[in-house]
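Novice: Next come a sequence and a model predicted from it.
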Amino acid sequence: MTIEIKVPPLPESVSDATLVAWHKNVGESVARDENLVDLETDKVVLEVPAPAAGTIAKIVVEDGATVVAGDVLAILEEGEVAAGAPTTAETAERVEKKAAPAPKESKGPVKTSPAVRRLLDEHDLEATMVAGSGKDGRITKGDVMAFLKSDSSGDVTPADTAPAAGVEVVAEGLAREEKRVPMTRLRARIAERLVEAQQTAAMLTTFNEVDLTEVMALRKRYRDDFEKAHGVRLGFMSFFAKAAVEALKKFPVVNASVEDNDIIYHNYYDIGIAVSSDRGLMVPVIRDVDQMSFAEFEGALTDMAKKAQDGSISMDDLTGGTFTITNGGIFGSMMSTPILNQPQSAILGMHSIQQRPMVVDGEIVARPMMYLAVTYDHRIIDGKEAVQFLVSIKEQLEDPSRLLLQV
């Protein structure tokens, strides 16, 4: 019995996806629920599992193609996998061994520049013998030089040591090259949203600085006991998230969003935390932070970061959110102006902690200082509210007991 492997229903607001990579080849056996192919949307990577055990009879859509929900990706011949059936690795090894003694054959015309053709002629090479790394597979001088350096078959006729008249001599390793790589869907979506925010919102950023002496002392004093009791480490982000929630309660418009000419106020606090992954920037949302303990928040943040890194994050994890926190300090940023995560009206930027000289009680002392930034939508948030919101966060972090008393 044959089964059509189809694109599963895509998340809401996602119209299509890109087929990133097949994990199986035609003729290979698969087990039930084994991942066959990865599909990338503008937010998440979806895995398409095998609905039954069997053998891949046909691959309909190749890597890089754009697909929509319901498209047929492959044909699976259902049946139990025979013992000793070749695995993906074994099949690849066979293909590699078969290809190794095969002679280099012409595969048709290959576009080359005059300089590259001259270099090929000098060394008695066919263009199809060299793999091109340029746009649309074009061969560059660097590709030819790399081939000459690596080829040991004895098929290549060495060029004369003296260059012919008019021939440009290119020193190995000094060739000027360009590499064109298309944006991933996630990167393209990030670019689209950032430009949209710039063009839609009246963004303004206000700054302040916070003395983290008390937070660092509190964290140092209870860090080991906290980890033993709850199984998660006590990070800085939970302090900032909790301080942000208390400040949002005082200034509800900062927790609001804009929809057409309406302001949508939220009585809940779903905080997005910007996370850097191999695929790009993601902002998973931790919901009802106001109802969480420090340990619950740290556990949820750890889970979200792990899912973002291993590609298992879902659309539900990335949607919603009433306010966002981003920490450029982990990369060494001293100060920045974060861009709004629309339709939210504000975003808090954290930065590096630096020992700086500060005047305390008339004396100059070294204190661990951090610049804070809040970018806000000036269409609905006045400067006074934005400044007071940031001051509230500063006061709570400089006196962490306020977080316990919610004052």
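Specialist: Thanks, I have the structure now. Residues are numbered from 1 along each chain as shown.

Novice: who does the helix or strand that contains residue 241 touch, helix- and strand-wise?
Specialist: Element membership for residue 241, per DSSP states H and E: helix 237-250. With contacts taken as 3 or more Cβ pairs under 8 Å, 6 or more residues apart in numbering; DSSP states H and E, helix 237-250 sits against strand 271-273, helix 294-310, strand 323-327, strand 346-350, helix 383-398, helix 401-405. All C-beta atoms are positioned from the backbone trio N, CA, C, and that covers glycine.

Novice: Domain map for the chain?
Specialist: By the assignment in automatic domain parsing, the chain contains the domains 2-99, 104-182, 185-405.

Novice: Tell me which of those is the most buried.
Specialist: domain 185-405 (a mean of 17; mean count of other Cβ atoms under 10 Å).

Novice: got the domains of the chain as JSON lines, with mean pLDDT columns?
Specialist: Listed next are the domains of the chain as JSON lines, based on pLDDT from 0 to 100:
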{"stretch": "domain 2-99", "mean pLDDT": "78"}
{"stretch": "domain 104-182", "mean pLDDT": "62"}
{"stretch": "domain 185-405", "mean pLDDT": "92"}
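
Novice: in its sheet, what does the strand or helix carrying residue 365 sit against?
Specialist: Using DSSP H and E, residue 365 maps to strand 363-377. In the sheet, strand 363-377 lines up against strand 203-211 (antiparallel), strand 346-350 (antiparallel), strand 353-360 (antiparallel) (DSSP bridges).

Novice: just to revisit the earlier point, output the contacting helices and strands for the next helix or strand after the helix holding residue 241.
Specialist: Counting by DSSP H and E, the element after helix 237-250 in chain order, helix or strand, is strand 257-259. The contact analysis (3+ Cβ pairs under 8 Å, 6+ apart) places strand 257-259 against strand 262-264.

Novice: Report the strands that pair with the strand it packs on, each with its relative direction.
Specialist: strand 257-259 (antiparallel).

Novice: who touches the partner strand?
Specialist: Residues outside strand 257-259 that contact it (Cβ atoms under 8 Å, 6 or more residues apart in numbering): 201, 263-264, 266, 322, 342-345, 377, 379-380.

Novice: could you dump those residues to JSON lines with distance to residue 276?
Specialist: Converted to JSON lines, those look like this (distance: Cβ to Cβ, whole Å):
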{"residue": "201", "distance to residue 276": "23"}
{"residue": "263", "distance to residue 276": "31"}
{"residue": "264", "distance to residue 276": "29"}
{"residue": "266", "distance to residue 276": "27"}
{"residue": "322", "distance to residue 276": "22"}
{"residue": "342", "distance to residue 276": "20"}
{"residue": "343", "distance to residue 276": "23"}
{"residue": "344", "distance to residue 276": "19"}
{"residue": "345", "distance to residue 276": "24"}
{"residue": "377", "distance to residue 276": "24"}
{"residue": "379", "distance to residue 276": "29"}
{"residue": "380", "distance to residue 276": "29"}
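
Novice: Going by distance to residue 178, which of the residues you listed wins?
Specialist: Of all those, residue 342 has the smallest distance to residue 178: 34.1 Å, by Cβ to Cβ.

Novice: Skipping adjacent residues, who's closest to that closest one in space?
Specialist: Among residues not flanking residue 342 along the chain, residue 197 sits closest, at 5.1 Å (Cβ to Cβ, 6 or more residues apart in numbering).
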